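K.L.:
Compute the structure for the input listed below.
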Amino acid sequence: MARRRTLIRAGTTVEQMVRAVADLIVTGELRPGEKLDEVALAERYSVSRTPVREALGQLGAMGLVDRRPNRGAIVAIVGTERLASMFEGMAELEGICARLSAERMSPADRWSLDRDHQDSAGLVRQAAEEDYEQFNTEFHSRLYAGAANAHLQDLAVQTRSRLAPFRRAQFRLPGRLAKSWQEHDAIVTAILRGDGAGAGAAAKSHVSIVSAASAVFAADAAASGEDAALARYRMPSGL
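P.N.:
Sure, this is the predicted structure:
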């Protein structure tokens, strides 16, 4: 028990719970409207209820979980329209950040971005989804920082955190890693040229493509939730 409490204080257990439960929701293993039992989740991941409760709170802020008085937490229904509107805002923010990065990044930062981008091609060849996903997060974070605007950076990070489970799920689609790299390449090429308009357009296009890929999971999850609700409605009483 002492070891678990140490992990909770360090924050790693809560972060892992957020990621694990978010993935279950986005991929449809936990369906819209399904009750999230804190005890069952704690047993599943061998943790106390404290990190589970904190994780559900964070997932509620992300819009993946609904917490209702006297009813506990349930999986939220993330409609494709709502998801599209969030990605639309994300695309605008990333477009601005990429444009400003092309105009404001130092030569050393441009060189470093290109070097790491080229190195990430190896992850694509290896089909290393988790490693590429980690690089992808870093890549976009560098665009936010490269804009040299703290307010924009905060907005982009906050919006991205709400979309993180869906952006992560895209890499499960066949061929998505290679396409993502090509989209990054267009952004990096424009930044190296100092082409702000080109970098902004490439970044917006990239996020729009991610939105379309991620919508597959939202649609599938919502459909499975509707099917489950219909099945409960049709089930004869007494069974």
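
K.L.:
after the lowest-mean-pLDDT helix or strand in the chain comes which helix or strand?
P.N.:
When the helices and strands of the chain are scored by mean pLDDT, DSSP states H and E, helix 2-10 comes last with a mean of 37. As assigned by DSSP states H and E, the chain's next helix or strand after helix 2-10 is helix 12-26.

K.L.:
List of residues touching the next helix or strand after that following helix?
P.N.:
Downstream of helix 12-26, the next assigned helix or strand under DSSP H and E is strand 35-36. For strand 35-36, contacts defined as CB atoms under 8 Å, 6 or more residues apart in numbering pick out 21, 30, 56, 65, 72-75. For every residue, glycine as well, the C-beta is placed using N, CA and C.

K.L.:
again, only using 10 Å
P.N.:
Contact with strand 35-36 is made by 21, 24-25, 30, 52, 55-56, 59, 65-67, 71-75, as judged by CB atoms under 10 Å, 6 or more residues apart in numbering.

K.L.:
Just the buried positions in stretch 20-31, please.
P.N.:
Of the residues in stretch 20-31, 21-22, 24-26, 28, 30-31 count as buried by neighbour count, 16 or more other CB atoms under 10 Å.

K.L.:
same check, this time on stretch 122-129
P.N.:
123-124.

K.L.:
Return the distance of it from the chain's centre.
P.N.:
19 Å (CA atoms, centre = their mean, to the nearest Å).

K.L.:
Now do it, average pLDDT.
P.N.:
Mean pLDDT, stretch 122-129: 94.
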